[in-house]
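>>> quick one: sequence plus predicted model below, questions after.
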Amino acid sequence: MDKPVSQQKLKTEGLEDTLTREGFVARSVQRLVDGAEKLNLRHSAVGNPPVFPTDAFPWAREVEAEWRLIREELDKVLVRKGELPAFHEISSEVRSISSDQNWKTFFLCGYGIKSEEAIRQCPETWRILQKIPGLKSAMFSIFEPGKHLPPHRGPYNGVLRFHLGLIVPDQPDKVGIRVDDQTCHWEEGKALIFDDAYEHEAWNHSNEVRVVLFVDFEKPLTFPASLTNKAVLNLAVFTPFIREGYKAHKAWEKLFYGEGTKHR
């Protein structure tokens with residue numbers, strides 16, 4: 001008679017099977033992303049520079065024109081700045097480049113998830129954000145005095161990043177961002193659009209707070225990259241990174257707004 005298989009052996013084999021499946025899925029997703037990135041470079045409708053001229057995106061001027069409405073809503077948010085979460089407390093992905101309390105965030109939306117409470121608090125900002133085609137994520141990004149993000153790259157080249165200066169210390173020698181080999185400076189009411197797949201770093205070495213509206217949007221692409229890129233971006237909501245961030249932010253919102261907060 002065969003000896004019964006121990007429960008411990010079954011558990012071990014089950015864990016190995018799970019890890020094998022997860023590894024296969026992870027490798028498959030990575031191959032999809034790698035292939036999509038190559039397509040994105042070949043089929044970009046706007047080229048592939050590190051930093052883009054603002055007029056390459058006509059909607060950017062429309063957003064700039066209404067920046068003071070966004071600033072007014074930001075000022076109300078900043079009344080409770082000390083209660084806002086550090087970015088790494090919401091997004092585990094950034095812990096390798098930031099683990100202190102000097103990079104705070106106020107999240108509006110990200111890859112299929114919206115904060116209804118934040119949108120309710122900033123309705124004009126949300127209305128203006130709808131001008132951005134392919135909007136994927138949006139938040140207020142707050143650098144406390146002395147903050148410096150070391151050189152890093154974004155995980156995927158299918159999005160571009162839009163910064164709108166909202167509170168910018170008038171010290172360009174102490175406040176700025178480098179993208180590849182270009183050093184740029186934020187200006188209040190002005191857009192800065194760049195490709196975060198290039199190495200970049202940012203700093204606020206002044207003694208004042210710096211705040212930008214931080215947005216990721218779909219990179220304009222031609223067929224077939226336009227289709228594969230949408231597929232990759234639509235899968236993001238199912239990744240552990242996004243799901244963990246959703247749970248962390250929802251827990252923070254319960255403390256900030258009280259029970260009964262909503263996400264969609």
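Sure thing, it's come through. Numbers count the residues shown, from 1 in each chain.
>>> for the closest residue to residue 224 other than its chain neighbours, give its distance to residue 174.
Leaving aside its chain neighbours, residue 224 sits nearest to residue 39 (6.9 Å; criterion: C-beta to C-beta, 6 or more residues apart in numbering). All C-beta spots, glycine's among them, are computed from the backbone N, C-alpha and C. Computed as C-beta to C-beta, to the nearest Å, the residue 39 to residue 174 distance reads 40 Å.
>>> these two: who's more crowded?
Here residue 39 and residue 174 are compared on neighbour count by other C-beta atoms under 10 Å; more neighbours surround residue 39, at 20 against 17.
>>> which residues touch the more buried one?
By C-beta atoms under 8 Å, 6 or more residues apart in numbering, the contact list for residue 39 reads 221, 224-225, 228-229.
>>> tell me which element the residue lying closest to residue 122 once chain neighbours are set aside falls in.
Among residues not flanking residue 122 along the chain, residue 73 sits closest, at 4.2 Å (C-beta to C-beta, 6+ apart). Element membership of residue 73, judged by DSSP states H and E, is helix 67-78.
>>> for that helix, packing partners?
helix 116-121, helix 123-129, strand 135-143, strand 159-167, strand 210-218 (3 or more C-beta pairs under 8 Å, 6 or more residues apart in numbering; DSSP states H and E).
>>> now do the buried residues in the third one.
By neighbour count, and taking 16 or more other C-beta atoms under 10 Å as the criterion, the buried residues in strand 135-143 are 135-143.
>>> equivalent analysis for the first one, please.
For helix 116-121, the neighbour count (16+ other C-beta under 10 Å) marks 117-119, 121 as buried.
>>> make TSV out of these and add distance to residue 97 and pLDDT.
Shown next, in TSV, are these (distance: C-beta to C-beta, whole Å; pLDDT from 0 to 100):
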residue	distance to residue 97	pLDDT
117	28	96
118	24	97
119	28	98
121	28	97
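>>> count of neighbours near residue 234?
11.
>>> ok, now the one 3 residues further on?
Other residues within reach of residue 237 by the criterion other C-beta under 10 Å amount to 13.
>>> and what of residue 239?
14.
>>> contacts for stretch 164-183, please.
50-51, 63-64, 67, 70-71, 74, 140, 151, 163, 184-192, 194-196, 198-213, 215.
>>> one more pass at 6 Å, please.
50-51, 71, 74, 184-188, 190-191, 194, 198, 200-202, 204-206, 208-213 (C-beta atoms under 6 Å, 6 or more residues apart in numbering).
>>> likewise stretch 41-58?
Looking at what lies outside stretch 41-58 - C-beta under 6 Å, 6+ apart - the contacts are 60, 179-180, 182, 191, 193-195, 198, 220-222, 225.
>>> still on that earlier bit, using ChimeraX, make a named selection holding only the buried ones among the contacts of residue 39.
Remark: buried members of those, expressed as a ChimeraX selection using 16+ other C-beta under 10 Å:
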select :221,225,228,229
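>>> show me the contacts of residue 39 that map onto helices.
If you go by DSSP state H, the contacts of residue 39 have 225, 228-229 in helices.
>>> quick check: angle from the helix holding residue 73 to strand 210-218?
When axes from the mean of the first three to the mean of the last three C-alpha atoms, to 10 degrees is applied, the directions of helix 67-78 and strand 210-218 differ by 110 degrees.
>>> which parts of helix 67-78 are buried?
For helix 67-78, by 16+ other C-beta under 10 Å, it's 67, 70-71, 73-74, 77-78.
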